[in-house]
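Undergrad: Here is my input, please return the structure:
(chains A, B, C and D)
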Protein chains: 2
Amino acid sequence: MKVAELSKSLGTTADTVRYYTRLGLLKPAKSVNGYKSYSNKEVSRLKFILSARNLGFSVADIKQILNESEDGTSACPLVRSLIKERLEETEKQFQAMLALRGKMSSALSQWEEMEDKAPTANMVCHLIENFEQIKKA
Amino acid sequence: MKVAELSKSLGTTADTVRYYTRLGLLKPAKSVNGYKSYSNKEVSRLKFILSARNLGFSVADIKQILNESEDGTSACPLVRSLIKERLEETEKQFQAMLALRGKMSSALSQWEEMEDKAPTANMVCHLIENFEQIKKA
DNA sequence: ACTTGACCTGTGTCTTAGACACAGGTCTAA
DNA sequence: TTAGACCTGTGTCTAAGACACAGGTCAAGT
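TA: Predicted structure coming up:
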């Protein structure tokens, strides 16, 4: 299997496959013409990688998991501990986005009723510079 | 004002100031010793930049806004249109994070009750490979 | 056999918004 | 004068691929 076949068959892009290959997560054989040739084992490996990415693991995480499992060791404890970390991060980012979203939409609606002003020496845009979030009581 | 003074006075880092300077958003004078020297105008410029970043504008957005306002034009219409775009993006990302968070925490709790398994030829980690989200009815 | 054109390849560079490393310069106190 | 603390600009690094590009491959048509 060549890059494009593999990527299409699993619904990803050739660039992604190449990226994982560059990182050493996939180890295709070289075919006669110099093209990379992926075996069935690589296919299931990629399938695993995509599932893990989909669950929020980083590529570095996945590298670690694959390494562990190549020793014959069960990667399950590692997997559980990693997802705990990632979930915490995601939670933090989620809260940050929540706050940002609120701020932005409050700004947007506030600004729709405000007039345009030309910039001055110490004011670029009064919308931004004078924006203050209305605190909910 | 030198880099460190400026950054501290506005609660950011020297690297951030240097970054904006590199991009041309701040234009310090050179002082005798070769250090960058920031005027009061730069201070309010930086203040503006930080406020805008805080509201979710990208650095590229800010560059655009600053350019517009340097012509004497009011940047307000641009600002409104940009934040609309950013808000939409944020909304998308927010929904994505929401879904991801759900998936992850569902995986985590599912996995806590599952046993470890050693890897096989076509299975790296059964937790990940067999994970299926339980659909809420 | 030759050519055209479609598709494919590997490699190198680009992206965000700064963080970090580092060799060296500046400045203050002793 | 010299030590030490602090500061500087510049260059490199990050994540996860996307994109550009010069060139190779291959089947169909001539």
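Undergrad: From here on, just use CA atoms for contacts and neighbour counts.
TA: OK.
Undergrad: Please give me every residue in contact with the residue nearest to A:Phe48 when sequence neighbours are not counted.
TA: Closest residue in space to A:Phe48, ignoring its immediate chain neighbours: B:Glu129 at 6.3 Å, by Cα to Cα, 6 or more residues apart in numbering or on different chains. If a contact means Cα atoms under 8 Å, 6 or more residues apart in numbering or on different chains, then B:Glu129 has A:48, A:51, B:123 as its contacts.
Undergrad: what about the first one, neighbour count?
TA: I take that to be A:Phe48. Residues within reach of A:Phe48, counting by other Cα atoms under 10 Å in any protein chain shown, total 21.
Undergrad: Can I take it that it is in a helix?
TA: Yes. Counting by DSSP: H, G, I helix; E, B strand; the rest coil, A:Phe48 is part of a helix.
Undergrad: Tabulate the contacts of B:Glu129 (a markdown table), appending distance to A:Gln133 and pLDDT.
TA: Formatted as a markdown table, the entries for these read as follows, by distance: Cα to Cα, whole Å; pLDDT from 0 to 100:
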| residue | distance to A:Gln133 | pLDDT |
| --- | --- | --- |
| A:Phe48 | 45 | 96 |
| A:Ser51 | 40 | 96 |
| B:Met123 | 51 | 91 |
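Undergrad: which of those lies closest to B:Leu10?
TA: Within the contacts of B:Glu129, distances to B:Leu10 taken as Cα to Cα reach their minimum at A:Ser51, with 43.5 Å.
Undergrad: Give me the phi and psi for the closest one.
TA: Comment: the main-chain dihedrals of A:Ser51 come out as phi -60, psi -40, following degrees, to the nearest 10.
Undergrad: Which residues of chain A lie near DNA strand D?
TA: Counting by Cα under 7 Å from any atom of the strand, the residues of chain A close to DNA strand D are A:13-16, A:19, A:33-34, A:53, A:57-60.
Undergrad: Now intersect these with the strands, please.
TA: Using DSSP state E to define strands, no part of the residues of chain A next to DNA strand D is located there.
Undergrad: buried subset of the residues you listed?
TA: A:13, A:57-59 (16 or more other Cα atoms under 10 Å in any protein chain shown).
Undergrad: farthest pair in those?
TA: In terms of Cα to Cα, these reach their longest pairwise distance at A:Thr13 and A:Phe57, which sit 18.6 Å apart.
Undergrad: Need the phi and psi values for the closest residue to DNA strand D within chain A.
TA: Taking Cα to the nearest atom of the strand as the measure, chain A has A:Ser58 as its residue closest to DNA strand D, at 3.4 Å. Backbone geometry at A:Ser58, expressed as degrees, to the nearest 10, gives phi -80, psi 160.
Undergrad: go on, A:Lys36?
TA: Per degrees, to the nearest 10, the residue geometry at A:Lys36, taken as phi and psi, is phi -80, psi 140.
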